[in-house]
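>>> Got a predicted structure here, sequence first:
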Amino acid sequence: MRNFLKVFGLVAGIAALPAVSGAETLADALASAYKSSHLLDQNQAVLRAADEDAAIAMASLRPVVNFVAQGAWRQYDTTIPALVPYDSVSTASLDLTAQVVLWAGGRGRLSLEAAREQVLATRASLVNVEQQVLLQAVSAYIDVRLQLEIVALRQSNVRVIDQELRAARDRFEVGEVTQTDVALAEAALAASNANLAAAQGQLMVARERYKAVTGHYPANLASPPKSPAIPKTLEDAKSVAERGHPSVIQAQHQVAAADLNAQIAATAFGPTLSGSAGLNKDLDGGYASMSLGLQLNQTLSAGGRNAASYRKALAGKQAAEAGLLQGAVQVSEGVGQAWAQLAVAHASIEAGRQQVAAAQRAFDGVREEAKLGARTTLDVLNAEQDLLSARAARLEAEANRYVGIYQVLASMGLLTAEHLNLGVPSFDPEAYYNAVKNAPAHSKQGKALDRILGKIAD
């Protein structure tokens, strides 16, 4: 049993074993999760929608040009004394008009800046989603390996108890033990088989979770690489998180956008100056006309709507500012929790090492004493169960330690494809934004946008 457990155990740490040739590595699993995540696809589409809001804000600064072609035919009642020398008439005209807001207290510029701040906030939110996807991949990968180890332990336990059952039956034949000892061994074997079935079920669950995260079932999983580096102190980790965690960055841009929205609401109290130009062509009479105009518009009373909108915008700004402060608190708390969980895992590994060593000595001693008649079969079975529990706890602590390091990275905002150097083509948030920020229609920029959309669809 001891040799078997040494083969399958994680005594040296799951990160220290060499990778098996042709096996799927943790980096492979992370890359697969990144490429196949529908959650990332969904939030990338949300970001593209935010990019289009910036394009819409840009378009609002430009003239709006309309073209209207009109045609009409009119029939007159000829029974009435003629007022015109004909009884029907047709008309046709073409109108081309352009309108632009010349001044509105800076509303257009503020709307564009607010839209850009929302784009930056959405980008930060996407980074958070990326961290979630990658952390799930790490957890799923390690969980599959852990469940494989637990199944190996349970299989070993079944073989050992089966040996104890045969030994109990042999000793019963020669009168060294009673039928009760045999029954105890039979019950222990049945319980061990049930535990093995449960462990195999947990492995199946872990495999399904792995498929959901990476898009395929695990095959031959290599030993995880050396865990990435993290800061030496909790204070250093919190400092990194408070400066650069995507949740904090998102909240900062939301505060900026809320402030701009309050300024936009304030412009409703001022006037709006618009300009217009028009060209009309009468197709019947053959004459054409041109027009230029200015319009100054000022709302004198809106029933309190503008004031309410402004107060609402101010409340939104205050809520965003409070959200930023609370977000910083939550990020700091998240780092502290992840750090504490990692410390618990480290302590559990050391305690587990001592527990396994003691349980192994106890099992060896009880089994030898049983051969001399100083211990019962029940004593041997209990000692075997204690050793099994210690081994399983040690394996779980090793797995928790490895995943815990990635949880610390995620709490700091560093669990990204770029930081981990996964070597996968990462999503470029600038590409789509740069293609649409100037609100292209039918132009070279529009053709470039079509190419980008084609790549996204592929």
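It's in.

>>> Counting neighbours, what do you get for residue 318?
Residues contacting residue 318 under the criterion other CB atoms under 10 Å number 13. No exception for glycine: its C-beta is placed from N, CA and C like everyone else's.

>>> Helix, strand, or coil at it?
At residue 318 the chain is in helix, as set by DSSP: H, G, I helix; E, B strand; the rest coil.

>>> Can you read off the pLDDT for it?
Note for residue 318: predicted pLDDT of 97.

>>> where do the helices sit along the stretch 251-400 of the chain?
Using DSSP state H, counting those that start in this stretch, the helices found in the stretch 251-400 of the chain span residues 305-371, 377-412.

>>> Could you name the stretch from those that's closest to residue 69?
Closest to residue 69 of these is helix 305-371 (CB to CB; 37.4 Å).

>>> residues in contact with the closest residue to residue 145 other than its chain neighbours?
Distance criterion CB to CB, 6 or more residues apart in numbering; nearest residue to residue 145, sequence neighbours excluded, is residue 221 at 5.7 Å. By CB atoms under 8 Å, 6 or more residues apart in numbering, the contact list for residue 221 reads 23, 24, 29, 141, 144, 145, 148.

>>> try 7 Å this time
Residue 221 makes contacts with 23, 24, 141, 144, 145, as judged by CB atoms under 7 Å, 6 or more residues apart in numbering.

>>> cool, and residue 219?
Counting by CB under 7 Å, 6+ apart, residue 219 touches residue 24.

>>> For residue 210, see how far away it is.
Distance of residue 219 to residue 210, given as CB to CB, to the nearest Å: 10 Å.

>>> same deal with residue 51?
Counting by CB to CB - residue 51 and residue 210 are separated by 34 Å.

>>> what number of residues lie near residue 288?
Residues near residue 288, counting by other CB under 10 Å, number 11.

>>> Nearest spatial neighbour of it, chain-adjacent residues omitted?
residue 281 (4.7 Å).

>>> In helices, which of the contacts of residue 221 appear?
141, 144, 145 (DSSP state H).

>>> so which of the residues you listed is the most crowded?
Comparing the ones in helices among the contacts of residue 221 by number of neighbours (other CB under 10 Å), residue 141 comes first, having 27 neighbours.

>>> out of everything not next to it in sequence, what's closest to it?
Counting by CB to CB, 6+ apart, residue 141 lies nearest to residue 29, which is 4.7 Å off, once chain neighbours are set aside.

>>> and the host helix or strand of the one you found, what does it pack onto?
Element membership for residue 29 (DSSP states H and E) is helix 26-36. For helix 26-36, the packing partners by 3 or more CB pairs under 7 Å, 6 or more residues apart in numbering; DSSP states H and E come out as helix 107-173, helix 179-214.

>>> Give me the average confidence score over that helix.
Helix 26-36 comes out at a mean pLDDT of 94.

>>> and if you look at stretch 40-59?
Computed over stretch 40-59, the mean pLDDT rounds to 93.

>>> Go through it and flag the buried ones.
40, 43-44, 47-48, 50-55, 57-58 (16 or more other CB atoms under 10 Å).

>>> wait, what's in contact with the residue nearest to residue 259 when sequence neighbours are not counted?
In space, and not counting its chain neighbours, residue 259 is closest to residue 317: 5.4 Å by CB to CB, 6+ apart. Under the criterion of CB under 7 Å, 6+ apart, the contact list for residue 317 reads 258, 259, 262.
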